[in-house]
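Q: Model the structure of this input:
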Amino acid sequence: MAIVNAGSARTVSAHPADHTNYGAMAMVTTLFFAWGFCTVLNDAVIPHLQSVFDLSYVQASLIQLAFFSSYFVFALPAGKLVEWIGYQRTMVVGLVLMASGALLFVPAASVATYAFFLCAEVVLAAGVTVLQVAANPYVTILGPPETASSRLNLTQAFNTLGDSVAPYIGGVLILGGAAAALPRGEHLQGAALTAYRIQQAASIKLPFIAIASAATVLALAVALFRFPRIAITREFRPTDLGVKQEHVWNHPHLYLGAIGIFIYVGAEVSIGSYMVKYFADPKIAGLPLERAAKLVTFYWFGMMVGRFIGSAAMQRIAANKMLAWSGLGAGLLVLASLLGTGYFAVVTILAVGLFNSIMFPTIFTLAVAELGPLTGRGSGLLVQAIVGGAVFPVFMGFLADKFGIHRSLLMPLLCYLYVIYYGWRGYRIRPTEPQTHLQALVE
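A: Numbering: from 1, shown residues only. Prediction:
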């Protein structure tokens, strides 16, 4: 597995082990659960801070902007860090950053300053990004190459388990533990408003203290664990011999896939970010925030179940066709929720998670097909495209402020149209590119 380094022609590569190291696998799998939990806990943080600071949807979307921008900013430097200090130490650095970011939520809640919360999100997300860059490729080299995909799917299942648990715990501890809201029509100013916000924001402290404690324990465990020694070597590049290097932009299926990742992640994160407020809207279901947050668990649980179903289905159905049909299913469910109200709107939008499940790994796999020595660079481009999770919630927030949260679903609906296109035609390797038997397998 390769990790691209910013500003360098080098690629970090490692030699896979001959057999799977199950102890190391178990240790790394806990990291997948941890960052999944931290990422999706924002689904409860967003509506809570929106209420505390009386934010518009666009202002509330700055939380996801701060979090997912870190993928774009820190992904390539993290790859360089792997080259410098190795996988194990890089994972420790990621956990320390995660613990530091989680701890920053405590003073942020104590002074009740929104900008402080955004800074804490950036540090927390930097740790998550560093962890992902180190742990994902490390799993693939912890055993034989033939079973790399199986190992990664297993760890991703635990990642999704963290995704599923987070909204429920966030609903109980953050939204359920918040102080009573002001009576309708009552307004506070000055010191009284600050005191009220500090009281309301206090419910955020406990879950993030727990995250910081868990991340610290994991950092110590990873630092002391005897991981197998895996050499990191410098991979051959055409530039080493002065040969003109092929560019990733010569491969349309790659950059169209990067656009697909950008758009898909944007849709997934946008739906999850506003789902609590969507369910609480009186024109839709009018649910209490705590109950709405607990229901979001089913959105992420559907993604976990869908990965198992999708993995089995793709033994018989071509990956590109599976992607197109999943995009169609998700789009139809979003449309149904957009046109419906009450529990029909709730259930249909929750079911979108089932179809989202296979989109990211499938787009990723199709996009890096036949890249050869450019696979590392292509993977780096696709990881950076996750920044869509920062951009699209802002767009959806603008639509929600302008036209209402219900009509803002038009944005993810349009996103799924592109996913359908990529599975239908965009994935195809162009005639000018080298083709092998893999092209025939997906058609």
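Q: for Arg425, what are its contacts?
A: For Arg425, the contact set (CB atoms under 8 Å, 6 or more residues apart in numbering) is empty. Where you see a C-beta, it was placed from the backbone N, CA and C, and this is true even at glycine.
Q: if I look at it, how far off is Gly260?
A: Arg425 sits 12 Å away from Gly260, going by CB to CB, to the nearest Å.
Q: how close does Leu173 get to Ile209?
A: Leu173 is 11 Å from Ile209, where distance means CB to CB.
Q: Who has more neighbours out of those two?
A: Set side by side, Leu173 and Ile209 show more neighbours around Leu173, with 20 against 14, by other CB atoms under 10 Å.
Q: tell me which element the residue nearest to the more buried one when sequence neighbours are not counted falls in.
A: Counting by CB to CB, 6 or more residues apart in numbering, Pro207 is the residue found nearest to Leu173 once chain neighbours are left out, at 4.8 Å. Per DSSP states H and E, Pro207 falls inside helix 205-224.
Q: buried residues in that helix?
A: Neighbour-count burial for helix 205-224, counted by 16 or more other CB atoms under 10 Å, picks out 205, 207-208, 211-212, 214-216, 218-219, 222.
Q: Which of those sits closest to Gly127?
A: Among the buried residues of helix 205-224, Ala215 lies closest to Gly127 (CB to CB), at 7.5 Å.
Q: Local confidence estimate at the closest one?
A: Looking at Ala215, its pLDDT is 97.
Q: Next, count neighbours for the residue nearest to it when sequence neighbours are not counted.
A: Counting by CB to CB, 6+ apart, Ala215 lies nearest to Ala99, which is 3.8 Å off, once chain neighbours are set aside. Using other CB under 10 Å, Ala99 has 23 other residues around it.
Q: can I assume Ala99 sits in a strand?
A: No. Counting by DSSP: H, G, I helix; E, B strand; the rest coil, Ala99 is not part of a strand but helix.
Q: Could I get the contacting residues of it?
A: 127, 211-213, 215-216, 219.
Q: Show me which pair in those residues is furthest apart.
A: It's Gly127 and Ser213 that sit farthest apart of the contacts of Ala99, by CB to CB, at 14.3 Å.
Q: Please give me every residue in contact with Thr297.
A: Here Thr297 is in contact with 164-165, 167-168 (CB under 8 Å, 6+ apart).
Q: any idea which of these has the most stuff around it?
A: That'd be Pro167 among the contacts of Thr297, by other CB under 10 Å, with 30 neighbours.
Q: Taking helix 205-224 as reference, get the angle to the host helix or strand of Leu76.
A: Leu76 belongs to helix 62-111 when assigned by DSSP H and E. Calculated by axes from the mean of the first three to the mean of the last three CA atoms, to 10 degrees, helix 62-111 forms an angle of 110 degrees with helix 205-224.
Q: pLDDT of helix 62-111, averaged?
A: 92.
Q: same deal with stretch 370-378?
A: Stretch 370-378 comes out at a mean pLDDT of 73.
Q: can you check stretch 36-51 too?
A: On average, the pLDDT along stretch 36-51 is 92.
Q: In the protein, where is pLDDT below threshold?
A: Along the chain, the model assigns pLDDT under 70 to residues 1-20, 145-150, 153, 177-188, 190, 230-246, 248, 376, 431-443.
Q: what ranges do the strands span in it?
A: Ranges of strands in the chain, per DSSP state E, are 3-4, 11-14, 232-234.
Q: Going by distance to Met275, which of the contacts of Thr297 wins?
A: Nearest to Met275 among those, counting by CB to CB, is Pro167 at 8.4 Å.
Q: would TSV of the buried residues of helix 205-224 with distance to Glu83 be doable?
A: As requested, these are exported to TSV (distance: CB to CB, whole Å):
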residue	distance to Glu83
Lys205	37
Pro207	34
Phe208	32
Ile211	28
Ala212	28
Ala214	28
Ala215	24
Thr216	26
Leu218	23
Ala219	21
Val222	19
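Q: still on that earlier bit, ok, the contacts of Thr297 vs Phe72, which is closest?
A: Pro167 (25.1 Å).
Q: who's in contact with that closest one?
A: Residues in contact with Pro167, defined by CB under 8 Å, 6+ apart, are 40-41, 43-44, 276, 293-294, 296-297, 299-300.
Q: Keep only those of the residues you listed that are in helices.
A: 40, 43-44, 276, 293-294, 296-297, 299-300 (DSSP state H).
Q: Can I get these in CSV including distance to Phe392?
A: CSV is the format used below for the ones in helices among the contacts of Pro167 (distance: CB to CB, whole Å):
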residue, distance to Phe392
Val40, 16
Asp43, 15
Ala44, 20
Val276, 17
Ala293, 21
Lys294, 25
Val296, 18
Thr297, 22
Tyr299, 16
Trp300, 18
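Q: List buried residues within those residues.
A: For the ones in helices among the contacts of Pro167, buried by 16+ other CB under 10 Å: 40, 43-44, 276, 293-294, 296-297, 299-300.
Q: on that earlier part again, from the ones in helices among the contacts of Pro167, which is closest to Thr90?
A: Proximity of these to Thr90 (CB to CB) peaks at Val40, which lies at 23.2 Å.
Q: didn't the closest one look like it was pressed against Tyr299?
A: No. Judged on CB atoms under 8 Å, Val40 makes no contact with Tyr299 at a distance of 9.3 Å.
Q: Quick check: neighbours shared by those two?
A: With CB under 8 Å, 6+ apart, Val40 and Tyr299 have common neighbours 167, 272.
Q: Domains in this structure, by residue range?
A: Under the assignment automatic domain parsing, the domains of the chain span 1-242, 246-443.
Q: What separation is there between Glu121 and Thr113?
A: 13 Å.
Q: neighbour-wise, which of the two wins?
A: The residue with more neighbours, out of Glu121 and Thr113, is Glu121; 25 against 17, by other CB under 10 Å.
Q: Do I have it right that the more buried one meets Ala66?
A: Yes. With contact defined as CB under 8 Å, Glu121 reaches Ala66; the gap is 4.2 Å.
Q: you'd agree Gln64 is up against Val387?
A: No. Taking CB under 8 Å as the definition, Gln64 is not a contact partner of Val387, at 10.6 Å.
Q: For the two, indicate the residue with more neighbours.
A: The neighbour comparison of Gln64 against Val387 (other CB under 10 Å) goes to Gln64, with 30 against 21.
Q: what's around Trp249, how many residues?
A: Counted with other CB under 10 Å, residues neighbouring Trp249 total 9.
Q: Spit out the contact partners of it.
A: Trp249 sits next to Tyr255 when contact means CB under 8 Å, 6+ apart.
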